[in-house]
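A.B. asks: The following block contains a protein sequence and its predicted model.
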Amino acid sequence: MTTPTATIESPRIAVIIPAYNEAITIREVITRFHSALPDATYVVVDNRSSDDTGTIARLALRDCGASGMVLYEGRPGKANAVRLAFHEVQADVYVMIDADMTYHPEDLPAMLAPVLEKRADLVIGDRQSTGHYLQENKRPMHVFGNRLVINLVNRLFGSDLKDIMSGYRVMTHRFVEHTPILRGGFELETESTIFALSNRFRIVEVPIRYTDRPAGSASKLNTVRDGIRVCMTIFGILMNYRPLFFFGILSAACAALGLALGMLPVMEYIEYRYVYRVPTAILAMGLMVLSVLFSGIALILSNVNNHFMALFEVSMLGRRPKEARPPMSRRVRIDSKPAALVRPGKVEAPSYIAP
């Protein structure tokens, strides 16, 4: 009797490169990453660049023989560009990098390994642990903003992440398919990381090397504007993902202030049998009403949040059988000895990743 064999194909890998006015660096990014990962599909998203980014990207793809395309996204914002790529390209594994040559293809094998070994749904390139980000980054307020958001997220979700704002990421098809992109700008990394934590996707951080932009390449970030957006992101994190905590704090604050102010007219009435501070009494009453209102909102939104999380889990399990796909390239022999079918052990990264 001939023993049947089942061959699992190599995973399809798509490298997503959102680019806005990156004519100076886009060719080098495509060339270097293609040399390290030649069998991947490269998708450059020209995010309404005013320079020759799109044209240079097309020429670079042609010159190095890379499989890929250049898409155009007219709406500003990194998240809009990445969202378009996710909608247009189907792959088993997605690699997301910036087009400014701050990340390096030498880190690709370590970044891909947790996903290919089925140990992670999301792999984040950690710039902080190696110390390169502090050495290379010339914007101290950006470092402060990063730390502020990281500390908040870790406290809220009980995690120990080091760099949730890194733009160097590897994601599974399942994670990309189920992760909504609701914002349009650079909040993409924070939003997707929080979604992964909230919905218990497996996250692995891999220390990577980071270098600052080359001479002549200007950052698109603005300290004041993006600082405000970071604060709004923090506000949104608390309100959307921890409504009981967020509105509970508001309720407690209103109750404490209402009680403190309300003591004054109460003490007056006890002493004089008359309330002279009528506005203070009205304000205290209003604060207590707000406290009760915020408490109700906290309980309602918390229950709604839990309900949608349960629906999400059910939908994930319901779609598992028809979408479950082997993640790596290897040959499995099927015979009459079930114990020999699965052997524990580490699966190496694909051989087509150049060292």
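C.D. replies: Okay, I see it.
A.B. asks: so how far does stretch 172-192 reach from one end to the other?
C.D. replies: One end of stretch 172-192 to the other measures 13 Å (C-alpha to C-alpha, to the nearest Å).
A.B. asks: where does the chain dip in pLDDT?
C.D. replies: Under the criterion pLDDT under 70, the flagged ranges of the chain are 1-9, 132-142, 213-227, 230, 318-355.
A.B. asks: residue boundaries of the strands in the stretch 51-200 of the chain?
C.D. replies: Listed in chain order, the strands of the stretch 51-200 of the chain (DSSP state E, counting those that start in this stretch) span 67-72, 93-96, 122-126, 169-172.
A.B. asks: List just the one of those that sits closest to residue 36.
C.D. replies: strand 93-96 (10.5 Å; C-beta to C-beta). For glycine as for every other residue, the C-beta is placed from the backbone atoms N, C-alpha and C.
A.B. asks: can you count the residues close to the closest residue to residue 160 other than its chain neighbours?
C.D. replies: Among residues not flanking residue 160 along the chain, residue 154 sits closest, at 6.2 Å (C-beta to C-beta, 6 or more residues apart in numbering). Applying other C-beta atoms under 10 Å, we find 15 residues neighbouring residue 154.
A.B. asks: Between the strands of the stretch 51-200 of the chain, which one is closest to residue 204.
C.D. replies: strand 122-126 (5.1 Å).
A.B. asks: Sheet-wise, list the partners of that closest one with their directions.
C.D. replies: Applying DSSP bridges, strand 122-126 is found paired with strand 169-172 (antiparallel), strand 203-207 (parallel).
A.B. asks: about what we covered before: so which of the strands of the stretch 51-200 of the chain gets nearest residue 234?
C.D. replies: Among these, strand 122-126 comes nearest to residue 234, with 18.9 Å by C-beta to C-beta.
A.B. asks: Determine how far the closest one lies from the middle of the whole chain.
C.D. replies: 9 Å (C-alpha atoms, centre = their mean, to the nearest Å).
A.B. asks: shift numbering so it begins at 406
C.D. replies: New numbering, starting at 406: the last item is strand 527-531.
A.B. asks: Dump the C-alpha coordinates for the host helix or strand of residue 436 into CSV.
C.D. replies: Using DSSP states H and E, residue 436 falls within helix 431-441. The C-alpha trace of helix 431-441 is given here as CSV (Å, rounded to 0.1, in the frame of the first residue of the first chain):
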residue,chain,number,x,y,z
ILE,A,431,11.9,54.2,-1.0
ARG,A,432,14.2,52.6,-3.5
GLU,A,433,16.7,51.5,-0.8
VAL,A,434,13.9,50.1,1.3
ILE,A,435,12.5,48.0,-1.5
THR,A,436,15.9,46.8,-2.7
ARG,A,437,17.2,45.8,0.7
PHE,A,438,14.1,44.1,1.9
HIS,A,439,13.7,42.3,-1.5
SER,A,440,17.2,41.0,-1.1
ALA,A,441,16.4,39.6,2.3
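A.B. asks: tell me what it is packed against?
C.D. replies: strand 418-424, strand 446-451, helix 458-468 (3 or more C-beta pairs under 8 Å, 6 or more residues apart in numbering; DSSP states H and E).
A.B. asks: which stretch among the ones you listed comes nearest residue 712?
C.D. replies: strand 418-424 (32.6 Å).
A.B. asks: now, of the strands paired with strand 527-531, which is deepest in the fold?
C.D. replies: Of all those, strand 574-577 carries the top mean neighbour count, a mean of 25, counting by mean count of other C-beta atoms under 10 Å.
A.B. asks: Can you list the buried residues in stretch 594-604?
C.D. replies: Neighbour-count burial for stretch 594-604 flags 594, 595, 596, 597, 598, 599, 600, 601, 602, 603 (criterion: 16 or more other C-beta atoms under 10 Å).
A.B. asks: Look up the closest residue to the third one, ignoring the ones flanking it.
C.D. replies: In other words, residue 596. With sequence-adjacent residues excluded and distances taken as C-beta to C-beta, 6+ apart, residue 596 is closest to residue 588, at 5.7 Å.
A.B. asks: ok, now how distant is that neighbour from residue 484?
C.D. replies: According to C-beta to C-beta, to the nearest Å, residue 588 stands 5 Å off from residue 484.
A.B. asks: What distance do you get for residue 572 to residue 595?
C.D. replies: Shown here: residue 572 relative to residue 595, a distance of 11 Å by C-beta to C-beta.
A.B. asks: for the helix or strand residue 690 falls within, packing partners?
C.D. replies: Taking DSSP H and E as the criterion, the element that holds residue 690 is helix 683-728. Applying 3+ C-beta pairs under 8 Å, 6+ apart, we find helix 683-728 packed against helix 578-583, helix 648-677.
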